[in-house]
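Visitor: structural data only, the sequence is not supplied:
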(Lines give C-alpha, C1' and ligand atoms only; values in the text may rest on other atoms or scores of the structure.)
Protein backbone atom coordinates (compact mmCIF):
# COMPACT_ATOMS: atom_id res chain seq x y z
CA UNK A 1 0.00 0.00 0.00
CA UNK A 2 2.79 2.44 0.86
CA UNK A 3 4.60 1.51 -2.35
CA UNK A 4 1.50 2.27 -4.39
CA UNK A 5 1.06 5.68 -2.73
CA UNK A 6 4.70 6.57 -3.42
CA UNK A 7 4.33 5.78 -7.13
CA UNK A 8 1.15 7.88 -7.31
CA UNK A 9 2.85 10.85 -5.61
CA UNK A 10 5.76 10.72 -8.08
CA UNK A 11 3.33 10.75 -11.02
CA UNK A 12 1.43 13.76 -9.60
CA UNK A 13 4.66 15.74 -9.11
CA UNK A 14 5.73 14.95 -12.68
CA UNK A 15 2.39 16.07 -14.11
CA UNK A 16 2.49 19.37 -12.20
CA UNK A 17 6.20 20.19 -12.55
CA UNK A 18 6.79 19.29 -16.22
CA UNK A 19 4.31 21.77 -17.75
CA UNK A 20 5.54 24.54 -15.44
CA UNK A 21 9.18 24.00 -16.37
CA UNK A 22 8.41 23.87 -20.08
CA UNK A 23 6.32 27.06 -19.88
CA UNK A 24 9.13 28.94 -18.11
CA UNK A 25 11.62 28.00 -20.81
CA UNK A 26 9.25 29.07 -23.57
CA UNK A 27 8.70 32.54 -22.06
CA UNK A 28 12.28 33.22 -21.10
CA UNK A 29 13.84 31.73 -24.20
CA UNK A 30 16.06 29.52 -22.06
CA UNK A 31 17.84 29.94 -18.79
CA UNK A 32 19.59 33.13 -17.78
CA UNK A 33 17.40 35.34 -19.97
CA UNK A 34 16.62 38.97 -19.37
CA UNK A 35 17.77 42.36 -20.48
CA UNK A 36 21.40 43.22 -21.03
CA UNK A 37 21.78 45.67 -20.14
CA UNK A 38 30.25 80.25 -30.23
CA UNK A 39 33.57 80.86 -29.22
CA UNK A 40 32.76 82.62 -25.90
CA UNK A 41 31.94 80.77 -22.74
CA UNK A 42 29.13 83.21 -21.97
CA UNK A 43 27.37 82.89 -25.34
CA UNK A 44 25.48 79.95 -26.85
CA UNK A 45 28.30 77.44 -27.26
CA UNK A 46 28.84 74.76 -29.85
CA UNK A 47 26.81 74.23 -32.99
CA UNK A 48 23.10 74.60 -32.34
CA UNK A 49 19.79 74.80 -34.17
CA UNK A 50 18.06 73.08 -37.07
CA UNK A 51 18.72 73.03 -40.81
CA UNK A 52 15.74 71.04 -42.00
CA UNK A 53 16.61 67.74 -43.65
CA UNK A 54 20.29 68.83 -43.77
CA UNK A 55 20.65 69.39 -40.03
CA UNK A 56 23.24 66.65 -39.61
CA UNK A 57 24.84 66.82 -43.05
CA UNK A 58 28.54 67.57 -43.33
CA UNK A 59 29.02 71.06 -44.76
CA UNK A 60 32.58 71.86 -43.68
CA UNK A 61 31.56 73.44 -40.37
CA UNK A 62 31.33 71.87 -36.94
CA UNK A 63 28.41 69.39 -36.93
CA UNK A 64 25.22 70.32 -35.12
CA UNK A 65 25.39 69.24 -31.47
CA UNK A 66 22.07 70.55 -30.08
CA UNK A 67 18.91 70.45 -32.15
CA UNK A 68 15.22 69.71 -31.87
CA UNK A 69 15.49 67.79 -35.14
CA UNK A 70 15.83 64.06 -34.32
CA UNK A 71 18.96 62.35 -35.54
CA UNK A 72 18.45 59.80 -38.32
CA UNK A 73 18.98 56.20 -37.32
CA UNK A 74 22.40 54.92 -38.30
CA UNK A 75 22.15 52.31 -41.04
CA UNK A 76 24.10 49.10 -40.53
CA UNK A 77 26.91 48.87 -43.14
CA UNK A 78 26.62 45.87 -45.43
CA UNK A 79 28.99 43.02 -44.74
CA UNK A 80 31.83 42.56 -47.22
CA UNK A 81 32.28 38.89 -46.41
CA UNK A 82 30.20 36.20 -48.06
CA UNK A 83 30.58 33.89 -45.09
CA UNK A 84 27.72 34.30 -42.62
CA UNK A 85 28.77 35.57 -39.24
CA UNK A 86 27.92 33.53 -36.19
CA UNK A 87 26.95 36.63 -34.23
CA UNK A 88 24.79 37.97 -37.06
CA UNK A 89 22.56 34.90 -37.18
CA UNK A 90 19.53 35.10 -34.91
CA UNK A 91 19.16 32.41 -32.32
CA UNK A 92 16.56 29.81 -33.32
CA UNK A 93 13.29 30.27 -31.57
CA UNK A 94 12.42 27.52 -29.12
CA UNK A 95 9.46 25.51 -30.34
CA UNK A 96 6.62 25.14 -27.84
CA UNK A 97 6.09 21.68 -26.42
CA UNK A 98 3.06 19.53 -27.12
CA UNK A 99 1.62 20.46 -23.71
CA UNK A 100 1.88 24.18 -24.52
CA UNK A 101 0.34 23.79 -27.98
CA UNK A 102 -2.53 21.67 -26.62
CA UNK A 103 -3.41 22.92 -23.13
CA UNK A 104 -6.87 21.33 -23.18
CA UNK A 105 -5.50 17.90 -24.08
CA UNK A 106 -2.90 18.35 -21.36
CA UNK A 107 -5.66 19.09 -18.85
CA UNK A 108 -7.68 16.10 -19.99
CA UNK A 109 -4.63 13.84 -19.72
CA UNK A 110 -3.93 15.19 -16.25
CA UNK A 111 -7.56 14.57 -15.30
CA UNK A 112 -7.41 11.02 -16.59
CA UNK A 113 -4.19 10.39 -14.72
CA UNK A 114 -5.62 11.97 -11.58
CA UNK A 115 -8.75 9.84 -11.82
CA UNK A 116 -6.67 6.71 -12.29
CA UNK A 117 -4.43 7.63 -9.36
CA UNK A 118 -7.46 8.38 -7.17
CA UNK A 119 -9.08 5.11 -8.19
CA UNK A 120 -5.85 3.26 -7.48
CA UNK A 121 -5.44 4.86 -4.05
CA UNK A 122 -9.00 4.91 -2.83
CA UNK A 123 -10.02 1.76 -4.67
CA UNK A 124 -7.27 -0.11 -2.88
CA UNK A 125 -8.44 1.32 0.42
CA UNK A 126 -12.01 0.26 -0.29
CA UNK A 127 -10.80 -3.22 -1.18
CA UNK A 128 -9.01 -3.55 2.14
CA UNK A 129 -12.10 -2.29 3.92
CA UNK A 130 -14.27 -4.78 2.05
CA UNK A 131 -12.01 -7.67 2.95
CA UNK A 132 -12.25 -6.91 6.67
CA UNK A 133 -16.05 -6.43 6.59
CA UNK A 134 -18.39 -9.35 6.38
CA UNK A 135 -21.40 -7.38 4.97
CA UNK A 136 -22.15 -7.32 1.22
CA UNK A 137 -23.07 -3.63 1.15
CA UNK A 138 -19.47 -2.48 1.21
CA UNK A 139 -18.61 -4.56 -1.84
CA UNK A 140 -21.59 -3.15 -3.70
CA UNK A 141 -20.55 0.43 -2.86
CA UNK A 142 -17.01 -0.24 -4.04
CA UNK A 143 -18.35 -1.73 -7.25
CA UNK A 144 -20.53 1.33 -7.81
CA UNK A 145 -17.57 3.66 -7.21
CA UNK A 146 -15.49 1.65 -9.67
CA UNK A 147 -18.23 1.86 -12.32
CA UNK A 148 -18.50 5.64 -11.81
CA UNK A 149 -14.71 6.06 -12.20
CA UNK A 150 -14.71 4.00 -15.41
CA UNK A 151 -17.60 6.06 -16.81
CA UNK A 152 -15.74 9.32 -15.97
CA UNK A 153 -12.63 8.05 -17.74
CA UNK A 154 -14.65 7.19 -20.84
CA UNK A 155 -16.29 10.65 -20.92
CA UNK A 156 -12.96 12.44 -20.58
CA UNK A 157 -11.38 10.33 -23.30
CA UNK A 158 -14.31 11.03 -25.62
CA UNK A 159 -14.10 14.79 -25.01
CA UNK A 160 -10.36 14.73 -25.75
CA UNK A 161 -10.88 12.84 -29.01
CA UNK A 162 -13.62 15.27 -30.11
CA UNK A 163 -11.45 18.32 -29.35
CA UNK A 164 -8.48 16.87 -31.24
CA UNK A 165 -10.68 16.02 -34.25
CA UNK A 166 -12.13 19.53 -34.43
CA UNK A 167 -8.71 21.16 -34.06
CA UNK A 168 -7.13 19.07 -36.80
CA UNK A 169 -10.01 19.69 -39.23
CA UNK A 170 -10.11 23.46 -38.55
CA UNK A 171 -8.02 25.40 -41.14
CA UNK A 172 -5.25 27.47 -39.58
CA UNK A 173 -4.34 30.72 -41.41
CA UNK A 174 -0.72 30.84 -42.60
CA UNK A 175 1.00 34.22 -42.06
CA UNK A 176 4.48 33.02 -42.98
CA UNK A 177 4.36 34.52 -46.46
CA UNK A 178 3.25 37.99 -45.37
CA UNK A 179 5.95 40.57 -44.79
CA UNK A 180 6.25 44.35 -44.95
CA UNK A 181 7.81 44.13 -48.38
CA UNK A 182 4.92 42.06 -49.79
CA UNK A 183 2.11 43.96 -48.05
CA UNK A 184 -0.60 45.63 -50.08
CA UNK A 185 -0.21 49.36 -50.56
CA UNK A 186 -2.07 51.32 -47.90
CA UNK A 187 -2.14 48.49 -45.35
CA UNK A 188 -0.72 48.73 -41.84
CA UNK A 189 2.07 46.32 -42.76
CA UNK A 190 3.35 48.49 -45.57
CA UNK A 191 6.86 49.81 -44.95
CA UNK A 192 7.09 53.61 -45.38
CA UNK A 193 9.23 54.39 -48.38
CA UNK A 194 12.47 56.32 -48.01
CA UNK A 195 11.13 59.05 -50.26
CA UNK A 196 8.40 59.94 -47.77
CA UNK A 197 10.87 60.15 -44.88
CA UNK A 198 13.20 62.71 -46.44
CA UNK A 199 11.81 66.02 -47.57
CA UNK A 200 12.66 66.90 -51.12
CA UNK A 201 15.14 69.78 -51.39
CA UNK A 202 15.44 72.12 -54.34
CA UNK A 203 18.36 74.50 -54.79
CA UNK A 204 17.33 78.15 -54.62
CA UNK A 205 19.08 81.37 -55.52
CA UNK A 206 20.21 84.12 -53.15
CA UNK A 207 19.44 87.63 -54.28
CA UNK A 208 21.12 90.89 -53.31
CA UNK A 209 18.13 91.66 -51.08
CA UNK A 210 18.67 88.37 -49.25
CA UNK A 211 22.35 89.20 -48.69
CA UNK A 212 21.41 92.59 -47.28
CA UNK A 213 18.90 90.89 -44.96
CA UNK A 214 21.56 88.48 -43.68
CA UNK A 215 23.97 91.35 -42.96
CA UNK A 216 21.27 93.26 -41.10
CA UNK A 217 20.32 90.18 -39.07
CA UNK A 218 23.94 89.76 -38.01
CA UNK A 219 23.97 93.29 -36.60
CA UNK A 220 20.48 93.18 -35.06
CA UNK A 221 21.04 89.83 -33.33
CA UNK A 222 24.39 90.92 -31.87
CA UNK A 223 22.85 94.18 -30.64
CA UNK A 224 19.88 92.45 -28.97
CA UNK A 225 22.30 89.94 -27.43
CA UNK A 226 24.48 92.71 -26.02
CA UNK A 227 21.42 94.35 -24.44
CA UNK A 228 20.14 90.98 -23.16
CA UNK A 229 16.92 91.75 -25.02
CA UNK A 230 14.95 88.52 -25.51
CA UNK A 231 11.96 90.43 -26.91
CA UNK A 232 14.22 91.85 -29.61
CA UNK A 233 15.79 88.47 -30.31
CA UNK A 234 12.35 86.93 -30.77
CA UNK A 235 11.91 89.00 -33.95
CA UNK A 236 15.12 87.69 -35.53
CA UNK A 237 15.46 84.01 -34.60
CA UNK A 238 13.41 80.83 -34.58
CA UNK A 239 11.78 79.68 -31.32
CA UNK A 240 14.41 76.96 -31.00
CA UNK A 241 17.28 79.43 -31.28
CA UNK A 242 15.50 81.78 -28.86
CA UNK A 243 15.54 79.03 -26.23
CA UNK A 244 19.31 78.64 -26.61
CA UNK A 245 19.89 82.40 -26.32
CA UNK A 246 17.58 82.55 -23.32
CA UNK A 247 19.52 79.80 -21.54
CA UNK A 248 22.85 81.51 -22.22
CA UNK A 249 21.57 84.86 -20.96
CA UNK A 250 20.22 83.19 -17.82
CA UNK A 251 23.69 81.76 -17.20
CA UNK A 252 25.18 85.23 -17.55
CA UNK A 253 22.67 86.63 -15.07
CA UNK A 254 23.50 83.89 -12.60
CA UNK A 255 27.21 84.66 -12.92
CA UNK A 256 26.67 88.46 -12.74
CA UNK A 257 28.39 89.05 -16.06
CA UNK A 258 27.34 90.48 -19.44
CA UNK A 259 28.80 89.91 -22.88
CA UNK A 260 28.83 92.75 -25.42
CA UNK A 261 29.36 92.55 -29.19
CA UNK A 262 29.48 96.11 -30.54
CA UNK A 263 30.44 97.91 -33.75
CA UNK A 264 29.83 94.86 -35.91
CA UNK A 265 31.35 95.14 -39.38
CA UNK A 266 30.76 92.32 -41.89
CA UNK A 267 34.03 91.38 -43.55
CA UNK A 268 33.01 88.44 -45.73
CA UNK A 269 29.90 86.37 -46.47
CA UNK A 270 29.87 83.18 -48.54
CA UNK A 271 26.70 81.33 -49.51
CA UNK A 272 27.46 77.64 -48.86
CA UNK A 273 24.05 76.05 -49.33
CA UNK A 274 20.66 77.29 -50.45
CA UNK A 275 17.64 75.00 -50.80
CA UNK A 276 13.86 74.76 -50.46
CA UNK A 277 11.87 72.11 -48.57
CA UNK A 278 8.16 72.31 -49.29
CA UNK A 279 7.41 75.96 -48.51
CA UNK A 280 10.48 76.60 -46.34
CA UNK A 281 13.58 78.28 -47.75
CA UNK A 282 17.02 77.66 -46.19
CA UNK A 283 20.32 79.41 -46.70
CA UNK A 284 23.60 78.51 -45.01
CA UNK A 285 26.05 81.39 -45.06
CA UNK A 286 29.65 81.53 -43.89
CA UNK A 287 30.11 84.83 -42.03
CA UNK A 288 33.26 86.60 -40.94
CA UNK A 289 32.94 89.88 -39.07
CA UNK A 290 34.87 92.29 -36.91
CA UNK A 291 33.55 93.64 -33.59
CA UNK A 292 34.49 94.69 -30.08
CA UNK A 293 33.69 91.51 -28.21
CA UNK A 294 34.14 91.67 -24.43
CA UNK A 295 32.59 90.49 -21.15
CA UNK A 296 32.28 92.60 -17.99
CA UNK A 297 31.29 91.95 -14.38
CA UNK A 298 27.97 93.37 -13.21
CA UNK A 299 29.19 93.61 -9.63
CA UNK A 300 32.19 95.83 -10.42
CA UNK A 301 32.52 99.43 -11.54
CA UNK A 302 34.43 100.40 -14.65
CA UNK A 303 38.10 100.69 -13.75
CA UNK A 304 37.91 98.37 -10.73
CA UNK A 305 39.99 95.19 -10.72
CA UNK A 306 37.93 92.31 -12.12
CA UNK A 307 35.53 94.55 -14.07
CA UNK A 308 36.77 93.32 -17.47
CA UNK A 309 36.32 89.56 -17.44
CA UNK A 310 37.25 88.76 -21.05
CA UNK A 311 38.11 90.53 -24.32
CA UNK A 312 38.85 94.18 -24.96
CA UNK A 313 36.57 97.20 -24.92
CA UNK A 314 38.74 99.08 -27.43
CA UNK A 315 40.36 96.55 -29.78
CA UNK A 316 38.12 94.85 -32.36
CA UNK A 317 38.56 91.14 -33.05
CA UNK A 318 37.40 88.96 -35.91
CA UNK A 319 35.02 86.02 -35.58
CA UNK A 320 33.89 83.39 -38.08
CA UNK A 321 30.76 81.28 -37.88
CA UNK A 322 28.36 79.53 -40.23
CA UNK A 323 24.78 80.72 -39.87
CA UNK A 324 21.71 79.10 -41.39
CA UNK A 325 18.66 81.26 -42.08
CA UNK A 326 15.15 80.12 -42.90
CA UNK A 327 11.90 81.67 -44.01
CA UNK A 328 8.40 80.48 -44.84
CA UNK A 329 7.44 81.13 -48.46
CA UNK A 330 8.32 84.79 -49.08
CA UNK A 331 8.41 85.85 -45.44
CA UNK A 332 11.36 87.41 -43.65
CA UNK A 333 14.52 85.49 -42.86
CA UNK A 334 15.12 84.14 -39.34
CA UNK A 335 18.26 82.65 -37.81
CA UNK A 336 17.72 78.90 -37.38
CA UNK A 337 21.23 77.49 -36.70
CA UNK A 338 24.76 78.52 -35.77
CA UNK A 339 27.81 76.36 -36.49
CA UNK A 340 31.26 77.16 -35.18
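Guide: Nice, I can see it. Being a predicted model, the structure only gives us computed values, none of them experimental. Residues are numbered from 1 along each chain as shown.

Visitor: break this structure down into its domains, please.
Guide: Listed domain ranges for the chain are 2-29+99-169, 48-68+200-339 (source: automatic domain parsing).

Visitor: go through these and find the least confident stretch.
Guide: Here the lowest mean pLDDT among the domains of the chain goes to domain 2-29+99-169, at a mean of 54.

Visitor: which strands or helices does the helix or strand where residue 218 lies pack on?
Guide: Assessed by DSSP states H and E, residue 218 sits inside helix 208-226. Helices and strands touching helix 208-226, by 3 or more CB pairs under 8 Å, 6 or more residues apart in numbering; DSSP states H and E, are helix 230-234, strand 257-277, strand 280-297, strand 317-328. (Each C-beta comes from the backbone N, C-alpha and C, glycine too.)

Visitor: got the angle for the helix or strand that the shortest one is followed by vs helix 208-226?
Guide: Scanning the chain past helix 230-234 towards its C-terminal end, the next helix or strand to appear is helix 239-255 (assignment: DSSP H and E). Here the directions of helix 239-255 and helix 208-226 differ by 30 degrees (axes from the mean of the first three to the mean of the last three CA atoms, to 10 degrees).

Visitor: other SSEs contacting helix 239-255?
Guide: By 3+ CB pairs under 8 Å, 6+ apart, helix 239-255 packs against strand 48-49, helix 230-234, strand 334-339.

Visitor: which of the residues in that helix are buried?
Guide: With burial defined by 16 or more other CB atoms under 10 Å, the residues of helix 239-255 counted as buried are 240-242, 244-245, 248-249, 252.

Visitor: between the helices and strands packed on helix 208-226, which one is closest to residue 212.
Guide: Closest of the helices and strands packed on helix 208-226 to residue 212 is strand 257-277, at 10.4 Å (criterion: CB to CB).

Visitor: now that closest one: buried residues?
Guide: 257-261, 264, 266, 269, 273-277.

Visitor: that one pairs with which strands?
Guide: Strand pairing for strand 257-277, determined by DSSP bridges: strand 201-203 (antiparallel), strand 280-297 (antiparallel).

Visitor: taking strand 317-328 as reference, get the angle to it.
Guide: Going by the same axes, to 10 degrees, strand 257-277 makes 40 degrees with strand 317-328.

Visitor: follow-up on the earlier one: make TSV out of the buried residues of helix 239-255 and add distance to residue 288.
Guide: Below are the buried residues of helix 239-255 laid out as TSV (distance: CB to CB, whole Å):
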residue	distance to residue 288
240	24
241	20
242	25
244	22
245	21
248	22
249	25
252	25
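
Visitor: farthest pair in those residues?
Guide: Among the buried residues of helix 239-255, 240 and 252 lie farthest apart (CB to CB), at 19.7 Å.

Visitor: show me what residue 261 is bridged to.
Guide: residue 293.

Visitor: re earlier: buried residues in the helix holding residue 218?
Guide: 210, 213-215, 217-226.

Visitor: also stretch 291-311?
Guide: 291-297, 308-309, 311.

Visitor: now swap in stretch 319-334 and tell me
Guide: Buried residues in stretch 319-334 (16+ other CB under 10 Å): 319, 321-327, 333-334.

Visitor: and for that stretch, what's in contact with it?
Guide: 38-39, 49, 51-52, 59-61, 210, 213-214, 217-218, 236-238, 241, 272, 279-291, 293, 335-340 (CB atoms under 8 Å, 6 or more residues apart in numbering).

Visitor: ok, stretch 210-218 next?
Guide: Counting by CB under 8 Å, 6+ apart, 236, 264, 266, 269, 283, 285, 287, 289, 323, 325, 332-333, 335 sit against stretch 210-218.

Visitor: if we go to 7 Å?
Guide: By CB atoms under 7 Å, 6 or more residues apart in numbering, the residues outside stretch 210-218 that reach it are 236, 264, 266, 269, 283, 285, 287, 289, 325, 333, 335.

Visitor: those residues into JSON lines, with extra columns for distance to residue 68?
Guide: Shown next, in JSON lines, are the contacts of stretch 210-218 (distance: CB to CB, whole Å):
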{"residue": "236", "distance to residue 68": "18"}
{"residue": "264", "distance to residue 68": "28"}
{"residue": "266", "distance to residue 68": "28"}
{"residue": "269", "distance to residue 68": "26"}
{"residue": "283", "distance to residue 68": "19"}
{"residue": "285", "distance to residue 68": "21"}
{"residue": "287", "distance to residue 68": "23"}
{"residue": "289", "distance to residue 68": "27"}
{"residue": "325", "distance to residue 68": "17"}
{"residue": "333", "distance to residue 68": "19"}
{"residue": "335", "distance to residue 68": "15"}
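
Visitor: measure the closest residue to residue 264 other than its chain neighbours to residue 221 for me?
Guide: Of all residues not flanking residue 264 in the chain, residue 291 sits nearest, at 4.5 Å (CB to CB, 6 or more residues apart in numbering). As judged by CB to CB, to the nearest Å, residue 291 and residue 221 stand 12 Å apart.

Visitor: cool, residue 238 as well?
Guide: Residue 238 is 12 Å from residue 221, by CB to CB.

Visitor: now for those two: what residues contact both?
Guide: In contact with both residue 238 and residue 221: residue 335, using CB under 7 Å, 6+ apart.
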